[in-house]
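Participant: with the sequence up front, the predicted model follows.
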Amino acid sequence: MTGRDIFLVSNSVDELGGVTSWSHQMARLLTERGHRVHVIGITTPDDPHDLGELPYPTTRLYDGQPPGPGRARDASMRERATVLTGLFRAARPGAVVIVTQVWAMEWVKLADTAGLTVIGMSHESFEASKRSSRFQRVLRHYRDVDRMLVLTREDADLWIGAGLNNASFLPNAVPWLPDEPSPRTGKAVVSIGRLSDEKGVDMLLDTWSEVAPRHPDWALKVYGSGEDEEILRKQCTALGLDDSVVWMGRTGDVPGALRGGSVFALSSRSEGFPLALMEAMAMGVPCAAFDCAPGVHEIVHDGEDGLLAAPGNTGELARKLDLLMSDAGLRERMGEAARENIRRYGAREIAERWEALFAFLER
């Protein structure tokens with residue numbers, strides 16, 4: 001069956017972040033395949049990201065944030081859930097609701113989803129979820145959905161072990177496969193991600209302090225913005241790295257950012273299925289990364305198309321970066337292997353797996 005009604009429900013439609021990017025990527029992909037897609041966000045952030053023209057409708061349940069916990073919030077949740085019910089009831093038979101974040105599921109649960117297929121997603125690793133309040137919420141709110149989806153088989157097995165027998169996995173798609181890779185001539189290591197504790201840029205600076213003296217002609221280009229920017233800049237100065245670290249700010253041109261570098265660094269404390277890592281590989285930029293989640297070693301074949309270090313081991317990450325920075329031939333081989341291997345997550349391949357899942361759950 002083609003041309004389903006598909007609702008993608010997230011915490012927000014227009015905040016900056018991996019899940020929001022994924023939602024719009026999926027919405028475009030499914031729209032191109034003839035489905036009628038509607039993207040729904042619960043809240044509206046203070047600084048909404050400009051989405052430009054979209055080929056599908058979007059709805060925001062709140063013009064800001066919902067009320068704080070208490071009776072007012074409960075009443076407002078029930079009221080806003082009726083908006084969802086109205087949208088869901090107007091859908092054609094075979095419609096699917098994909099809830100991309102468990103917090104958004106609290107509103108979907110209050111809506112009438114009778115006759116619809118409901119898929120709940122977690123975009124982080126099992127371990128990252130277990131360390132947060134989301135773990136109990138996933139167990140509670142996703143217990144009765146038609147399918148609970150994570151990004152790797154390893155994580156799905158762990159959720160099944162925790163009691164979610166409806167758990168399965170489906171990886172993210174790489175958003176583009178460019179014809180032209182990075183020339184890998186720029187003497188720069190590139191990092192792309194939010195400047196927050198989770199992304200571990202503080203550990204990357206510690207790593208860079210070991211590598212930079214050996215490569216005085218190289219720079220570390222840090223793309224991103226976030227709440228930790230000021231403290232990270234102070235750390236950079238304290239480590240004496242101001243001459244070799246360039247703070248690039250947010251970028252809307254990821255391929256361009258990657259073209260300016262020859263190595264990609266991922267220093268996260270936790271990840272789901274890191275998009276920036278996939279994008280670097282698609283551009284043929286070999287990476288050195290902390291193996292901080294199943295998604296990382298699912299994407300990178302260590303020693304073949306990138307190099308992995310034990311989570312948090314800055315000395316080991318420094319050695320991996322040094323290897324790649326010192327050997328142009330190794331960068332070429334790994335960059336080309338990365339470009340080739342990442343094709344298994346091409347948009348068409350992943351979209352077809354989603355179509356197969358919709359058909360299976362409808363039976």
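Facilitator: Good, I have the coordinates. Numbering: from 1, shown residues only.

Participant: can you give the domain ranges for this protein?
Facilitator: The chain breaks down into these domains under automatic domain parsing: 5-173+346-362, 188-344.

Participant: any idea which helix is longest in the protein?
Facilitator: In the chain, taking DSSP state H as the definition, the longest helix is helix 71-89.

Participant: so which bits of that one are buried?
Facilitator: Residues of helix 71-89 classed as buried by neighbour count (16 or more other CB atoms under 10 Å): 77, 80-81, 84-85, 87-88. For every residue, glycine as well, the C-beta is placed using N, CA and C.

Participant: can you list contacts of that helix?
Facilitator: 7, 9, 38, 40, 42, 59, 61-62, 66-67, 95, 97, 106-108, 110-113, 116 (CB atoms under 8 Å, 6 or more residues apart in numbering).

Participant: go again with 10 Å.
Facilitator: The contact list for helix 71-89 (CB atoms under 10 Å, 6 or more residues apart in numbering) reads 5, 7, 9, 38, 40, 42, 57, 59-62, 66-67, 95, 97, 104, 106-116, 118.

Participant: tell me which helix or strand comes right after that helix.
Facilitator: strand 96-99 (DSSP states H and E).

Participant: for that following strand, name the packing helices and strands.
Facilitator: For strand 96-99, the elements it packs on are strand 5-12, helix 18-32, strand 36-43, helix 71-89, helix 102-108, strand 117-121, strand 147-150, helix 347-362, judged by 3 or more CB pairs under 10 Å, 6 or more residues apart in numbering; DSSP states H and E.

Participant: among these, which is nearest residue 234?
Facilitator: Relative to residue 234, the nearest member of the helices and strands packed on strand 96-99 by CB to CB is helix 18-32, separated by 26.5 Å.

Participant: list the helices and strands the closest one packs on?
Facilitator: Using 3+ CB pairs under 10 Å, 6+ apart: helix 18-32 touches strand 5-12, strand 36-43, strand 58-60, strand 96-99, strand 117-121, helix 275-282, helix 347-362.

Participant: now with 8 Å?
Facilitator: strand 5-12, strand 36-43, helix 275-282, helix 347-362 (3 or more CB pairs under 8 Å, 6 or more residues apart in numbering; DSSP states H and E).

Participant: what average pLDDT does that helix get?
Facilitator: For helix 18-32, mean pLDDT is 92.

Participant: can you verify my assumption that residue 105 contacts residue 143?
Facilitator: No. Residue 105 is not in contact with residue 143 according to CB atoms under 8 Å; the separation is 10.6 Å.

Participant: tell me where the stretch 201-350 of the chain has helices.
Facilitator: Counting by DSSP state H, counting those that start in this stretch, the stretch 201-350 of the chain has these helices, from start to end: 201-211, 229-238, 254-259, 275-282, 294-299, 314-326, 328-341, 347-362.

Participant: so can I have a markdown table of those showing mean neighbour count, distance to residue 13 and mean pLDDT?
Facilitator: What follows is the helices of the stretch 201-350 of the chain, written out as a markdown table (neighbours: other CB atoms under 10 Å; distance: least, CB to CB, whole Å; pLDDT from 0 to 100):
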| stretch | mean neighbour count | distance to residue 13 | mean pLDDT |
| --- | --- | --- | --- |
| helix 201-211 | 22 | 27 | 98 |
| helix 229-238 | 14 | 25 | 98 |
| helix 254-259 | 20 | 21 | 96 |
| helix 275-282 | 25 | 18 | 96 |
| helix 294-299 | 23 | 24 | 95 |
| helix 314-326 | 20 | 36 | 98 |
| helix 328-341 | 17 | 32 | 97 |
| helix 347-362 | 15 | 20 | 94 |
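
Participant: tabulate the ones you listed (a markdown table), appending distance to residue 157.
Facilitator: Shown next, in a markdown table, are the helices of the stretch 201-350 of the chain (distance: least, CB to CB, whole Å):
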| stretch | distance to residue 157 |
| --- | --- |
| helix 201-211 | 28 |
| helix 229-238 | 36 |
| helix 254-259 | 32 |
| helix 275-282 | 22 |
| helix 294-299 | 10 |
| helix 314-326 | 27 |
| helix 328-341 | 23 |
| helix 347-362 | 18 |
